[in-house]
Structure formats: C-alpha cells, structure tokens
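> Need a 3D model of the following:
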Amino acid sequence: MYRLFLLCLLGVLGLSASHSYWVDKEQSLILFTTPDHSIVSEEDIKSIRELAQSMNIKLLIQNSINGLPEEVTTLPSIYFQNRKGRSKYYGRYKNISRLKNFIRTSKLAHQKEVPNIKENILVWKEGRADMTAPIKLTALTGEVPEGFDQEGFIKESEKAIVTGMNKFKQTPKHNSTKNTRSFYFNIYPHLDECNRLSLTTEIYSQYNCVTAVFTQTNTPIAKGKWDKRIEVFKQAAQIIEAEIFRQIQDSDIGDAFQPVSNDLRTISWEYLNMPKTKPVVTLEEQKNIPNEKLARKWQVEKRIDDDEPIIIFSFLPPVDNYAGEVKALSGTLELAENLSMNGAKGEFKVDVSDVTMGAKDFDYEVHNKMLKIGLFPDAYFKFTAEGTDQPIEWGQSQQLEVKGTFTMMSIDIPINVDTSLEPIVNESGDVKLQVSCSFQLPLFEKFNIKGPDGPKPAKDILQFYMQFNLVEAN
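Numbering: from 1, shown residues only. Next comes the predicted model:
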C-alpha cells in the first residue's frame, strides 16, 4: 500500500522589478477520448469543463478519429500543458478534486520520464496499451503444520496463479511508464481443520491504494482440498483476471479505459497546435524602479490568488506522479543590518492539515496514519543564513543555499534549501520579495515513512518546491 506524501519541481514565474512581469496565457487541459464518448460521459465532460473554467484554463477535447500523439496509449487520457511543458494526469477522470490537485502541482513542475523497471511481473499488452497486475500473496494461515515451508508455498502458488491467467503473461522485465495502467491484487490463503484450502482476495486500482475496487474476504473466491491447491490457485487467477477486465470495461468510478489500436494514425502535438513549450508572454514593461531603501523585516504574504500553489511536493521520477501540495505557509525573514542574507534569520511554518493530494481518503491516510497530526500539527524550518554580504537590491535576483533545521513529527534534521530572492513591484506599486526555493527530505531514512511502489532512491526521497512572496512585516 502506498504511503503517500510527494515531490515537485521548481517553477519560477517571472515578476521582475527591473524589467517586466510575465503571465502564462497558454494553459490548457487536453482531454483525449473516443469519438462516441463511450467511456467518458457527457456529465463527466461537463464536470471537467466547469473545473477548467473555474481555473481560467482552456479545455481542448480531442477524439481519436483523426489520430493521436504517440504518447496517448489509452482513452480517456488527460494532459495539462503550459509554457513550462506537459504532464499526464495520473488519476480517475471522475475524481475532479484529484484532477484539480494535478493541475495545481503541474503549474509549477512537470513530470519527468525515467526508466521504471519491474521484474517478473504480470503484463497484458493490447495495441499501444500495457497493463500490469502485481501479485501480493500472503503466508498461509489457519491449521498450518509445524515447520511448514511458507517461502516454498508462496513460490509454488505464484507460479500457479501465472499459469491460471489467460491474457496476463509473466514478463521478466517491464518498463512501467506514466502510461502503464495497473490493477494489483492480494490473495489470502487459509487452511481449515478439514485440510481444505480457501482463497479470498482484494483488488486495487493503481489510482487508490486505500479503497479496493473489488473485495471478497468473507467468502472464498476459490476453495478445494489441499492436495488440489494448484488447481485452486488457477481457478482464483481466472476469477481475478475476469474481474480486472470487468473493471476496465465497466467502472462507475473512473477506472475504465480503451486501449489505443496500433493501426490508429500517429500525429504530433505540433499537428494539434500544441508544441511542448511556448514562449513567455510579456504583459507590461515596468519602467519606474523605486528609490527607497528596502525593509529589513518581512513576512509571508497572505494568499491572493488561490489558483496558484505555494508549495508542491512529489517523489523523484519515475514515481513523481504521486504529487500534492501544501496550501498555506506562514513565517518571517529578517535581513542582516546591511540588508544582505549573510546572517539573515528566518522561521517558516506549515500546518500539516494543509497538506493535500486532492483525495479525501489519501489525505486521511497522510494526516492521521503517517504524519499523526493530532500529535504533531506543525512542521517548521528555522535558519540563520550564510551568504554574500551583497545587499538585496532592486532588479537583481540573488541565488544562495540556505542551511537550516527542518522539524516534523518532533524530529529535527539539517537540510539545505536552494533559494532565489528578488525584490519586485507589482502593477499596483506594492513592494515584495519574491522567493523561489527547493529542498529534499529523506522520508524513509529520517521519518520511517514508506513511499510508493518504485525503485530506490526515488520512492524514499521527497522533494519540495516553493514559490511565494514576502511583504514588509507589520
């Protein structure tokens, strides 16, 4: 089961005090679907359109009749694109809150594609699509003989499950990309006093590790005499495979999909007038630079635009699709007497309950089971900076590494934060310090929090990227 909490990638929006401020007008949400909308309903499209409109984002609907980009392997597929790049939505199309979370995190950082090799895994391929079905087989329970070889039993049983599948084939190595679909299943074997083996199961979608899409734990999905256990496991495998394909074809929660045929025409994103990056749009040249001296004491500005995230996080690629955000930040910065960062002091705090992944069950898992917000409601970063004696000046972005102490769950760890600071003046004449920064947390090593299924160190390291403004302290 995934233990969530996630990464991000730095996105520097460009308000510049000395030259210009920039706004990205090229924000688009692209929905690829079948010509007849056989999976995504009109009601689904209406909900997606309303979300895009509420976030001032263009919605583009492309059906497959004239072809699809090579990256689109299943329908429906949803992408978000802005001038920084493009990311694929990793979630259910019916989960609008999760989709909103994806858009918000993608505004600052886009996913990266790196190899994610799985070994000895069940794989089904059709057309451009591929789907995996990881197996979790628990140890035998019940009337287990003394000295029973559990390891040998699990190996024997897994082999029987593989041979019982019709469409899924065991593959020695498989590269699971952002396009790979997956359902994973647990099998629980039990031996009773009459020497009868019974198997129960749970099946999970890749999009939710908390709530199963299919559960049969009160009654067996397959049972039989112990000496016929191979056939019992084969029977269970056939039932599980059939249920997975039922979910693919007819899911009322957003797991259904249609593989894209290899015969479908391949077109480029440029053909759709959606190149991966687009130039920044200059809105206004700022000609008047203030002459007054900058303040020494600053505080985090209260959020004005709720559509722009402050802090985003995710694990490293290839599991950077597990991402979320922290919705609020408070704190202060006091510059040195000469207005430099050398000797500057700061303290920033987040309320852990503001951590969200856009899904209530995920958030409950993170808040209560992982971060224990009842005991540890806040996380802090405190520092006394070491840097250049060069004062913060108008029209200059200062880059530095800030070393300090991060505190979470009453555990203190030293971290280095890559930071840029720049004084700006907005169109209303308000003076601010624009801050962009990034850092990493060794999540498992320091906090014993397990990440998602994936390779090390990606699944054990959480990255944060932040962008916010400071205003003069009261």
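> for the stretch 1-150 of the chain, what spans make up the helices?
Counting by DSSP state H, counting those that start in this stretch, the segments of the stretch 1-150 of the chain that form helices are 42-54, 96-108, 150-164.
> Please, which helix or strand holds residue 471?
In the assignment (DSSP states H and E), residue 471 maps to strand 461-472.
> List the pairing partners of that strand within its sheet, with orientation.
strand 297-300 (antiparallel), strand 311-315 (antiparallel), strand 431-442 (antiparallel) (DSSP bridges).
> rewinding a little: need the helices of the stretch 1-150 of the chain in JSON lines (columns: distance to residue 386 and mean pLDDT).
Glycine gets a C-beta too; all of them are placed from N, C-alpha and C. Formatted as JSON lines, those follow (distance: least, CB to CB, whole Å; pLDDT from 0 to 100):
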{"stretch": "helix 42-54", "distance to residue 386": "44", "mean pLDDT": "95"}
{"stretch": "helix 96-108", "distance to residue 386": "27", "mean pLDDT": "86"}
{"stretch": "helix 150-164", "distance to residue 386": "53", "mean pLDDT": "97"}
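> What segments of the stretch 201-350 of the chain are strands?
Listed in chain order, the strands found in the stretch 201-350 of the chain under DSSP state E, counting those that start in this stretch are 214-216, 222-225, 258-259, 281-285, 297-300, 311-315, 323-326, 330-334, 345-351.
> I'd like the distance between the residue of the chain positioned farthest from its centre and residue 317.
Distance from the centre of the chain peaks at residue 194, with 47.4 Å (CA atoms, centre = their mean). Applying CB to CB, to the nearest Å, the value for residue 194 to residue 317 is 51 Å.
> Quick one: residues in contact with stretch 32-50.
29, 31, 59, 61-65, 68, 72, 75-79, 93-94, 96, 99, 256-258 (CB atoms under 8 Å, 6 or more residues apart in numbering).
> Equivalent analysis for stretch 233-243, please.
Under CB under 8 Å, 6+ apart, the answer for stretch 233-243 is 133, 157, 160-168, 185, 187, 199, 201, 203, 214, 221-222, 224.
> May I see the ChimeraX selection of the buried members of those?
A single ChimeraX command is used to select the members of those judged buried by 16 or more other CB atoms under 10 Å:
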select :133,157,160,161,162,164,165,168,185,187,199,201,203,214,221,222,224
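> Break the chain into its domains for me.
What automatic domain parsing lists as the domains of the chain is 25-113, 117-249, 281-472.
> closest one to residue 268 among these?
Smallest distance to residue 268 across the domains of the chain (CB to CB): 6.5 Å, for domain 25-113.
> From the chain's centroid, how far away is that closest one?
15 Å (CA atoms, centre = their mean, to the nearest Å).
> Pull out the buried residues from stretch 68-88.
So for stretch 68-88, counting by 16+ other CB under 10 Å, buried means 68-69, 71-88.
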